[in-house]
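Peer 1: Okay, here's the prediction I keep looking at, along with the sequence it came from:
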Amino acid sequence: MTHELLTIGRISVDIYPNDIGVDLEDVTSFGKYLGGSPSNVAVAAARHGRRTGVITRTGDDAFGKYLHRELHKFNVDDSFVTPVQEWPTAVTFCAIKPATDEFPLYFYGRFPTAPDLQIKAGELDLEAIRDARIFWSTVTGLCQEPSRSAHIAAHEARPRTGLAEGQFTILDLDYRPMFWASEAEARAEVAKVLPYVTVAIGNDKECAVAVGEGTPDEQADRLLAAGVEIAVVKLGPEGVMAKTRTQRVVSAPVPVETLNGLGAGDSFGGAFVHGLLSGWPLSEVLDFANAAGAIVASRLSCADAMPTPGEVTSLLAERGRPVPGAGVSGTAPQLATEGAAL
């Protein structure tokens, strides 16, 4: 099978409280869900009908079996998901306090390492990575060995010059300080893979770690100067901007009542992938991804909350926003209209 999206990196069991608005010590019951950003993105894209797979590792334990079962449920290929004997499956707890916009994460089973940081370069199916329409990785996967070398090897298998039309290599800038000695260390590792990346996605802080402080436009311009074709900078309450060498597009936020903001970025990512693969204009890709992220922010879980295309287009229509045209699946996005949306 040739994957339309193949992701690599983090997977975990998310333990989310059923009690909303209280600190973790006061929660009395929890729900269990598949988690981990690259895995969530694969689930999100699968919800839009895409053939997706993940490259990751679990513990050789009950939680690992659970994650395989969940991937099957979401129609995500788990052929490249194998157990690691030495380390238990990682578990992530959070508190959900929407009134104060607080969703603190507590990582268990990630220090000193986790199974998904034990992916080795020699274990990779480089042909599958090379053939995937979109390959998605995150900065977190670069934080320690052997995962770091595996990520670099995967990117080296997909040089920009070797990509066919309609193929993309996406780097989620996903900087989490608890996994790094310093921002400078993270920036140095990002610099090693950026020459292979065609799309970079991050918020202001994540872009600053990757390419330095500056305005969103300055950060996007630095990513483009590094060879990236599409630089996506999330603007918080002002929406999201995408910039190419010929376009600058801003998508305003899609207002919803936030319940849990943790999965919104992954839903955005899966919907962005779907839009790219559908060949939509960049403005439509951004609007669709924005709405998909908003839907998950209004729900409790992450993977289980990922919306269908119909749910996304319904929200756009309700908000009076343009609904992406049918497009021709498999064509390249319309990115080359000189001066469009500037």
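Peer 2: Thanks, I have the structure now. Numbering: from 1, shown residues only.
Peer 1: And what about residue 80, helix, strand or coil?
Peer 2: Counting by DSSP: H, G, I helix; E, B strand; the rest coil, the backbone at residue 80 sits in strand.
Peer 1: wait, it sits on residue 53?
Peer 2: Yes - applying Cβ atoms under 8 Å, one finds residue 80 in contact with residue 53, separated by 6.3 Å. The C-beta positions use only the backbone N, C-alpha and C, and glycine is treated the same way.
Peer 1: Pull up the overlap in contacts between the two.
Peer 2: Common neighbours of residue 80 and residue 53, counting by Cβ atoms under 8 Å, 6 or more residues apart in numbering, are residue 128.
Peer 1: Which one's more surrounded, the two?
Peer 2: Taking neighbours as other Cβ atoms under 10 Å, residue 80 and residue 53 compare with residue 53 leading, 25 against 20.
Peer 1: Verify the assumption that that one is located in a helix.
Peer 2: No - under three-state DSSP, residue 53 falls outside any helix and is assigned strand.
Peer 1: Okay, it and residue 316: tell me how far apart.
Peer 2: Distance, residue 53 to residue 316, using Cβ to Cβ, to the nearest Å: 28 Å.
Peer 1: And residue 169, by the same measure?
Peer 2: From residue 169 across to residue 316, the span is 28 Å (Cβ to Cβ).
Peer 1: If you count surrounding residues, which of those two has more?
Peer 2: When neighbours are counted by other Cβ under 10 Å, residue 169 and residue 316 differ, and residue 169 comes out ahead with 24 against 21.
Peer 1: Please enumerate residues in contact with the host helix or strand of the more buried one?
Peer 2: In this assignment (DSSP states H and E), residue 169 forms part of strand 168-172. For strand 168-172, contacts defined as Cβ under 8 Å, 6+ apart pick out 37-38, 41, 133-139, 155, 158, 160, 163, 190, 193-194, 196-202, 229, 269, 273, 276.
Peer 1: quick one: buried residues of whichever helix or strand comes after that strand?
Peer 2: Next helix or strand after strand 168-172 toward the C-terminus (DSSP H and E): helix 183-193. Buried residues in helix 183-193, counted by 16 or more other Cβ atoms under 10 Å: 186-187, 189-190, 193.
Peer 1: what is the orientation angle of helix 183-193 with strand 168-172?
Peer 2: Interaxial angle, helix 183-193 versus strand 168-172 (axes from the mean of the first three to the mean of the last three Cα atoms, to 10 degrees): 170 degrees.
Peer 1: Centre of the chain to helix 183-193, how far?
Peer 2: 18 Å (Cα atoms, centre = their mean, to the nearest Å).
Peer 1: same question, stretch 151-164
Peer 2: The answer for stretch 151-164 is 19 Å, by Cα atoms, centre = their mean.
Peer 1: First-to-last residue distance for it?
Peer 2: In stretch 151-164, first residue to last residue: 21 Å (Cα to Cα, to the nearest Å).
Peer 1: and it, average pLDDT?
Peer 2: The average pLDDT for stretch 151-164 rounds to 98.
Peer 1: Stretch 317-328 now?
Peer 2: What stretch 317-328 shows for mean pLDDT is 78.
Peer 1: Stretch 196-214 now?
Peer 2: 97.
Peer 1: how would you label residue 158: helix, strand or coil?
Peer 2: Here residue 158 is recorded as coil under three-state DSSP.
Peer 1: isn't it right next to residue 130, touching?
Peer 2: Yes - between residue 158 and residue 130 there is a contact at 5.8 Å, judged by Cβ under 8 Å.
Peer 1: who's more crowded, these two?
Peer 2: More crowded of residue 158 and residue 130, by other Cβ under 10 Å: residue 158, with 20 against 16.
Peer 1: so residue 282 makes contact with residue 250?
Peer 2: No - applying Cβ under 8 Å as the test, residue 282 and residue 250 come out as separate, 10.7 Å apart.
Peer 1: Which elements pack onto whichever strand or helix holds residue 148?
Peer 2: Assigned by DSSP H and E, residue 148 belongs to helix 147-156. With contacts defined as 3 or more Cβ pairs under 8 Å, 6 or more residues apart in numbering; DSSP states H and E, helix 147-156 has these neighbours: strand 5-8, helix 126-131, strand 134-138, helix 183-193.
Peer 1: got the contact list for the last one?
Peer 2: The contact list for helix 183-193, computed with Cβ under 8 Å, 6+ apart, reads 137, 139, 142-143, 148, 151-152, 155, 171, 173, 175, 177, 180, 208-212.
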